[in-house]
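[1] Structure of the sequence below:
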Amino acid sequence: MEQTDNTEFLPISREDMQKRGWEQCDFVFVIGDAYVDHSSFGPAIISRHLEAHGYRVGIISQPDWKRDDSISILGEPRLAFLVCGGNMDSMVNHYTVAKKRRKNDAYTPGGIMGRRPDYATVVYSNLIRRTYKKTPIVLGGIEASLRRMAHYDYWSDKVKRSILLDAGADLISYGMGEHSMLEIAEALDSGMKVKDITFIPGTVYRTKEGEVSAYEPVYLPSFEEITTEKKKYAESFMIQYENTDPFTAKPLVERYPNKVMVVQNPPSKPLTEQEMDDVYAYPYVGTFHPSYRERGGVPAAGEIRFSLASCRGCFGGCSFCALTFHQGRIVQARSHASIIEEAKKMTENEDFKGYIHDVGGPTGNFRRPSCKKQMEKGVCRRKQCLFPQPCPNLKADHSDYIRLLRKLRKLPKVKKVFVRSGIRFDYVMADKDDTFLRELCEHHISGQLRVAPEHVSDKVLHAMGKPSNAVYQRFLKCYERINKRTGKNQYVVPYLMSSHPGSTLTEAVKLAEYIRDLGYMPEQVQDFYPTPATISTCMYYTGLDPRTMEPVYVPKKPHEKAIQRALIQYRDPNNYELVKEALYKAGREDLIGFGPHCLIPPRKLSGKKPVHKGKEKTGKKVRKTEKSKKNRKKY
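    Here you go, the predicted structure:
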């Protein structure tokens with residue numbers, strides 16, 4: 001990967017500061033990821049944003065949390081320490097849904113696991129506070145954003161306090177922090193004490209009972225209530241979910257013991273197109289710091305190197321997604337000129353082979369707010385734009401995205417422009433013009449299109465906040481029709497999820513039957529992962545759908561989750577026993593046999609492990625024959 005001279009990066013050492021003639025940084029940014037100066041990394045955006053407004057920012061990346069002096073390599077900042085656990089929640093980064101330690105960390109040099117602590121934001125903040133007792137600490141990034149109020153923590157299986165309290169920090173800048181961080185910087189720079197910064201949208205602060213200065217605040221159930229009553233937890237969550245819009249949200253107050261109050265101000269206003277363009281025009285180096293070169297670079301940097309971010313925000317409203325709490329439901333987009341300019345620079349890179357890997361965002365085909373009123377009045381509190389059916393006010397229009405993709409295709413040196421961000425097929429179907437789908441098939445995929453129906457049971461899909469299976473089936477027919485018309489032989493690869501709240505064995509078997517009829521076995525299956533600040537996680541913890549307060553079935557036991565996952569991959573011989581158990585429990589023995597509708601054949605068992613067809617038992621070992629390979633392909 002081509003590197004640029006070190007002086008273009010922000011300082012990571014005293015030597016770097018001296019080269020710039022700095023004696024002190026205004027802000028020291030402590031981050032859990034490797035330092036990658038690219039607009040796909042939140043710390044890079046905020047650092048460059050502050051720099052563009054005259055502030056001096058230094059970077060401490062992945063400090064050794066076992067050594068107090070690792071936090072003081074740049075000295076005490078003039079205004080504040082900024083802390084970000086990384087581009088992912090550190091616990092999601094470290095552990096699988098089975099709570100097993102992952103082997104690699106894509107955001108660390110060389111992909112090495114273990115270079116950041118669990119609950120990194122809290123650990124780094126406490127590390128700072130041990131050395132710098134009074135220096136303001138401001139938390140940001142997705143870990144702080146999604147844990148800003150009391151939340152269920154899957155890894156410890158308990159409700160945790162606001163991360164602000166556990167971290168001993170002064171403020172949280174939640175969501176996309178360009179507006180709030182600049183306002184915090186200006187307030188601190190004016191001489192204001194951090195305890196008096198209680199008025200900035202997009203921030204969370206702590207105070208004492210009787211000292212809440214917010215206008216018309218909404219008091220959430222107390223921390224004591226939500227830790228003892230799951231219904232109170234669900235009620236609190238839903239109040240928060242309905243107050244994520246910058247135009248309609250009220251300040252929220254959460255009460256803790258000893259008269260401690262945590263106050264969340266309404267979210268920051270969305271960025272205008274010009275502000276989006278400005279953010280992406282900052283002088284990012286575009287890659288990882290050269291000090292990582294000898295360790296093999298940073299894997300995550302390669303993934304986004306030749307991709308373009310065109311938007312942020314998502315009005316899709318999937319129950320298992322935290323975007324509503326972080327980026328919000330109002331879509332904000334860059335101008336064509338801004339994206340084209342970045343693409344042109346990309347084509348000049350000596351490693352560019354002619355392929356733009358992606359043009360999109362959280363949802364690739366969202367390039368505008370879902371309706372006209374959102375930029376003035378915000379999104380609806382209790383209504384979704386696409387679920388359970390598209391809102392009558394929804395403006396499904398791909399014309400702007402089509403024009404952008406056409407311009408990118410025409411650039412010199414560009415051979416192909418891929419769209420690999422998630423495509424909302426229900427939004428595609430809501431568009432009466434099929435031009436986008438036709439051009440997507442003709443120009444922007446290579447053999448297969450990945451979409452996320454997630455399930456086929458309408459009961460589960462309703463819990464997921466996804467459209468009914470009938471919508472997906474209509475999309476498949478439309479996709480097939482267009483490919484035939486264009487002479488393409490292309491396929492759809494569905495993303496499927498197991499063990500989501502609402503999924504009983506009956507629904508899991510139904511999904512397996514659908515896969516059987518499809519003639520496809522997914523290589524990867526996403527088992528539902530309860531991450532902070534999602535409707536689905538609230539269901540998982542409480543057993544209630546917070547939208548209705550009705551009970552919902554939740555598969556929680558590891559063995560049941562393994563069974564549901566195995567059903568999706570029922571053709572894998574290693575899953576035979578789990579699938580057989582599932583079919584007996586579900587009363588679906590009719591799916592065990594040799595008929596075309598069956599999932600698995602009946603087999604005699606030898607000891608605890610099945611003897612697979614086509615294998616000859618020789619002593620204690622099982623020797624594979626040529627016949628076994630053929631059988632595995634069929635089953």
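
[2] so where's the chain shaky on pLDDT?
    Across the chain, residues meeting the criterion (pLDDT under 70) sit at 1-7, 604-635.

[3] Which residues does stretch 523-535 contact?
    Outside stretch 523-535, the residues that touch it by Cβ atoms under 8 Å, 6 or more residues apart in numbering are 89, 92, 97-98, 145-147, 151-154, 237, 241, 319-322, 325-326, 465, 495-501, 536-537, 540-541, 545-547, 561, 564-565, 568-569. (C-beta placed from N, C-alpha, C; glycine too.)

[4] switch to 7 Å and redo it
    Residues from elsewhere that reach stretch 523-535 (Cβ atoms under 7 Å, 6 or more residues apart in numbering): 89, 92, 97, 146-147, 151, 154, 241, 319-322, 325, 465, 495-500, 536-537, 540, 546-547, 561, 565, 568-569.

[5] Could you do stretch 158-168 as well?
    121-122, 125-126, 129, 139, 144, 147-153, 172, 204, 206, 223, 226-227, 233, 254, 256, 262.

[6] now could you export just the CA positions of that stretch as PDB?
    Provided in PDB are the C-alpha atoms of stretch 158-168 (Å, rounded to 0.1, in the frame of the first residue of the first chain):
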ATOM      1  CA  LYS A 158     -26.700  -7.500  33.300                       C
ATOM      2  CA  VAL A 159     -27.900  -3.900  33.000                       C
ATOM      3  CA  LYS A 160     -25.000  -1.500  33.100                       C
ATOM      4  CA  ARG A 161     -25.000   2.200  34.100                       C
ATOM      5  CA  SER A 162     -24.500   4.900  31.600                       C
ATOM      6  CA  ILE A 163     -20.900   4.600  30.300                       C
ATOM      7  CA  LEU A 164     -20.400   8.200  31.400                       C
ATOM      8  CA  LEU A 165     -20.500   7.100  35.000                       C
ATOM      9  CA  ASP A 166     -18.400   4.000  34.700                       C
ATOM     10  CA  ALA A 167     -15.800   5.900  32.700                       C
ATOM     11  CA  GLY A 168     -15.600   8.800  35.100                       C
END
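
[7] and Val36, what does it touch?
    Neighbouring residues of Val36 by Cβ under 7 Å, 6+ apart: Ala44, Thr287, Phe288, Val298, Ala301.

[8] and the two most separated of the residues you listed?
    Pairwise distances across the contacts of Val36 (Cβ to Cβ) peak at 12.1 Å, for the pair Ala44 and Val298.

[9] burial of the nearest residue to Asp105 once chain neighbours are set aside, as a residue count?
    Among residues not flanking Asp105 along the chain, Met113 sits closest, at 4.7 Å (Cβ to Cβ, 6 or more residues apart in numbering). The number of residues packed near Met113 is 14, by other Cβ atoms under 10 Å.

[10] Among the contacts of stretch 523-535, which lie within helices?
    Counting by DSSP state H, those place Val92, Leu146, Tyr241, Phe325, Ser536, Thr537, Tyr540, Lys561, Arg565, Ile568 in helices.

[11] Please name the nearest non-neighbouring residue to the fifth one.
    Once flanking residues are discounted, Ser536 sits nearest to Phe320: 4.0 Å by Cβ to Cβ, 6+ apart.

[12] correct me, but that neighbour touches Met464?
    Yes: contact between Phe320 and Met464 holds when scored by Cβ atoms under 7 Å: they sit 6.3 Å apart.

[13] need the strands for the stretch 51-200 of the chain, in chain order.
    Assigned by DSSP state E, counting those that start in this stretch, the strands in the stretch 51-200 of the chain fall at 57-61, 80-84, 137-140, 151-153, 158-160, 171-173.

[14] Identify the residues contacting the nearest residue to Pro221 once chain neighbours are set aside.
    Residue nearest to Pro221 in three dimensions, not counting chain neighbours: Lys232, with 4.3 Å by Cβ to Cβ, 6+ apart. Residues in contact with Lys232 (Cβ under 7 Å, 6+ apart) are Pro221, Glu225, Ile226.

[15] Remind me which helix or strand the first one belongs to.
    So that's Pro221. According to DSSP states H and E, Pro221 maps onto no helix or strand at all.

[16] How about the contacts made by Val554?
    Val554 touches Pro501, Met539, Tyr540, Gly543, counting by Cβ under 7 Å, 6+ apart.

[17] Now the residues you listed in CSV, please, with extra columns for neighbour count and distance to Phe199.
    As requested, the contacts of Val554 are arranged in CSV below (neighbours: other Cβ atoms under 10 Å; distance: Cβ to Cβ, whole Å):
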residue, neighbour count, distance to Phe199
Pro501, 27, 38
Met539, 28, 35
Tyr540, 23, 35
Gly543, 16, 38
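
[18] Now Arg450: closest residue in space, sequence neighbours ignored.
    With Cβ to Cβ, 6+ apart, the residue lying closest to Arg450 is Val493, at 4.9 Å.

[19] Just checking: what are the partner strands of the host helix or strand of that neighbour?
    In this structure, Val493 sits in strand 491-498 according to DSSP H and E. Paired strands of strand 491-498, with direction, are strand 448-454 (parallel), strand 526-527 (parallel) (DSSP bridges).

[20] That one: which residues count as buried?
    Residues Val492, Pro494, Leu496, Met497, Ser498 are the ones in strand 491-498 that count as buried (16 or more other Cβ atoms under 10 Å).

[21] Which helix or strand contains the residue nearest to Pro221?
    Here Lys232 sits within helix 230-241, counting by DSSP H and E.

[22] Show me which of the contacts of stretch 523-535 are buried.
    Buried among the contacts of stretch 523-535 by 16+ other Cβ under 10 Å: 89, 92, 97, 146-147, 151, 154, 241, 319-322, 325, 465, 496-500, 536-537, 540, 546-547, 561, 565, 568-569.
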